[in-house]
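Enquirer: The amino acid sequence is not available; the structure is as follows:
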């Protein structure tokens, strides 16, 4: 398949049809387009045009479209729909997606929408889900699952399953519970296909089943599911009762969001923003880190001011401050990135001491290689071997210090239970800039003996 | 569930049992541990100890363990196994995992291992998979799938499926083909559960099915599967014949690897390394970018050398060079990161011109805010308003230039078909360092009128 490409032509055709209320043409055109692609189109329309389309199309399709829209656009559209219209959309959705949408509604609207829902069971499930934090397994799970009792036979199980399967988009596993709804095990579809019809489930179910608690963090659930290659995992409450299940497609989103967040933190962007956000939102996300950089630069300038007396005789020292700052920053970012990624993958074993020692050796090796090159260059440039040696030795020292800071900081934060990713990017760069310049001038001062 | 935690005690117990050839204890201990966790344990052992365990345990478990091991460890173990032993491991694996392992073997070994396999059909499937590039759908797919002919009835289909399902770990969809094996559509398990036994498949299958070509890139497959929330996708050859299928758990790995690669590129680490790799491997991955930074620093120093004459009267200008370089670098990294992420998510619409213009406005806004703060500081520090104004105006100009370079470079690379992620991190930082310092001194020179 070639994935859908949103073109200006498609957009123009659609806005044209909307302007002329050409409903037949719109329905025909959009019928063949996947809901995820229709959402992409709607994201580019005005709220009025978008609402027009949502009201026009069948709620079976528009409910899925709503889940895929940008948050701003969805908020705009829902603001223009009545409680009854929203309730209709929700009735088409799985409980997890429905709960996500309800969670975004204004408080006074939530009650009205829930009351307007016809399927009371579905409404109750959605309300249940609302009480979980969105960063926990409870906030991610859906109520839709296929659940059978251990006392049933294969035959009655299949009958029951047919009924339950109507409401479940994807059947992954069949969960086996006791009469108190406590999770006992699972029944694979394969087992069911190959078992005799009169066998009791008690005899064929697999008593071992991985499950997570409703309070587990989504990050941990993602780690478990991807490590053990699970496509779905049941969620149990504090009493071990089966309350929901999480499927791998939700985990894919969690993994992508985690990765984007870490990437943005490393690049010095503090909140989740996208290229298409407003200039003001982008500024709010970016200026805190730039301000941190400003403080670092001012600190470096103040340090250099303290060494001003040697500017006459050793001007060249000042020429290399951007180089020293850049190397300190680069080494720091490299070290911290490897540690942050190692922590994320549970790959970092051994003590902090061992790891810092390794990083020191690594930075020493890198620093010496680079310092030799720099030494030859500065010596050739200015013909002053002493200064060249001073700069080279400073570079090695700064590199080692930067590596140690870059390694130690995320490990330390992690031990304290703080997300180590905040230690990457501008934070490491800025602190290393200041330390780097300070070490550089201090060493130069000793070696050049002034 | 609480995921397995590898402790020093577990490792010591296991190495102790291995040293004493205490096989019973080892088998008992490892039987209850998931293969992914056993792989974690084995990664910490010596090759000899690891091989001992692999030979001891049942190949049903060791084959899965092998797929989860670090590449170095797997290579070490396979080097100590005979062709027949390796063939036994492969026979337990799905074709995609088996092909991955065979692909890592030395060329002369491949033929021997394949000949030693008892299941000739399985061996043929593995050989088929070997010819695909690992970055394509063909390289990712498995041959295991459930395939039925449109001419069958539900009853004969279920009978056939039972046989096929024995070889397929996870049944996602049942693919419907014509007599030439051309993919026609799919049959969901749910449909099969709810249909009557005598209905012909022709009447109940869904004629619409998403499929990818064997030559599609894995990145594109990941995008399609996560966008359309697919848990499995069939793979077709150039003639539209069904040749394999890709499941979401493989896509999770692709997404994680992509994200790690981009993160490492942004942090200035060029090849895929981990915290536990050797110092030499880590140096090879890190020194190219540090060398680039060195060149940038030397370039900046050379530019400052050209402005040496003004060091007497305006020493303060030189104190702020690390600040200017840092701001240019930070703004550049922020801009490029947002663009790179936008491109990865297919979120970047509109022309390059529009986007660069937006970034200019954004950088201008950020730059002015920061410049005002800096102006007040430098004025208060040295009492020289002219120099303070010169530095502030330079900062704004440098910020705008850095934003433009950071936005334009990845967009330009992407248009040329080059991975824009290489433009992040050290590349942008270094070029912005040089441009930044050059712009800074040029503007200062004009304003201060020397």
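Expert: Thanks, I have the structure now. It should be emphasised that the depicted structure is a prediction, and the values quoted were computed from it without experimental measurement.
Enquirer: Now do stretch A:152-165, average pLDDT.
Expert: What stretch A:152-165 shows for mean pLDDT is 81.
Enquirer: what are the phi and psi angles of residue A:205?
Expert: With angles defined as degrees, to the nearest 10, residue A:205 sits at phi -80, psi 160.
Enquirer: Okay, strands next: where are they in the stretch 101-250 of chain A?
Expert: A:146-149, A:174-177, A:183-187, A:212-213, A:232-236, A:242-247 (DSSP state E, counting those that start in this stretch).
Enquirer: can you list those strands in a markdown table and add distance to chain B?
Expert: (Each C-beta comes from the backbone N, C-alpha and C, glycine too.) What follows is the strands of the stretch 101-250 of chain A, written out as a markdown table (distance: least, CB to the nearest CB, whole Å):
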| stretch | distance to chain B |
| --- | --- |
| strand A:146-149 | 10 |
| strand A:174-177 | 11 |
| strand A:183-187 | 11 |
| strand A:212-213 | 6 |
| strand A:232-236 | 9 |
| strand A:242-247 | 8 |
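Enquirer: Serialize these to CSV and add fields for mean neighbour count and mean pLDDT.
Expert: Formatted as CSV, those follow (neighbours: other CB atoms under 10 Å in any protein chain shown; pLDDT from 0 to 100):
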stretch, mean neighbour count, mean pLDDT
strand A:146-149, 19, 88
strand A:174-177, 23, 90
strand A:183-187, 20, 91
strand A:212-213, 22, 94
strand A:232-236, 24, 94
strand A:242-247, 24, 94
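Enquirer: And the ones you listed: which comes nearest residue B:341?
Expert: When the strands of the stretch 101-250 of chain A are compared by CB to CB, strand A:242-247 sits nearest residue B:341, at 25.4 Å.
Enquirer: from the stretch 351-450 of chain A, which residue is nearest to chain B?
Expert: Minimum separation of the stretch 351-450 of chain A from chain B (CB to the nearest CB) falls at residue A:362, amounting to 4.9 Å.
Enquirer: what about that residue, neighbour count?
Expert: As a burial measure, residue A:362 scores 24 neighbours (other CB atoms under 10 Å in any protein chain shown).
Enquirer: Phi, psi for it please.
Expert: Backbone torsions for residue A:362, taken as degrees, to the nearest 10, come to phi -60, psi -50.
Enquirer: Chain neighbours aside, what residue packs nearest to residue A:441?
Expert: Leaving aside its sequence neighbours, residue A:441 sits nearest to residue A:307 (CB to CB, 6 or more residues apart in numbering or on different chains; 4.7 Å).
Enquirer: doesn't residue A:445 make contact with the one you found?
Expert: Yes. Under the criterion of CB atoms under 8 Å, residue A:307 makes contact with residue A:445 at 7.1 Å.
Enquirer: Which of the two has more residues huddled nearby?
Expert: More neighbours surround residue A:307 than the other of residue A:307 and residue A:445, with 20 against 15 (other CB under 10 Å).
Enquirer: So for the helix or strand harbouring residue A:441, mean pLDDT?
Expert: Assigned by DSSP states H and E, residue A:441 belongs to helix A:426-448. Averaging pLDDT along helix A:426-448 gives 87.
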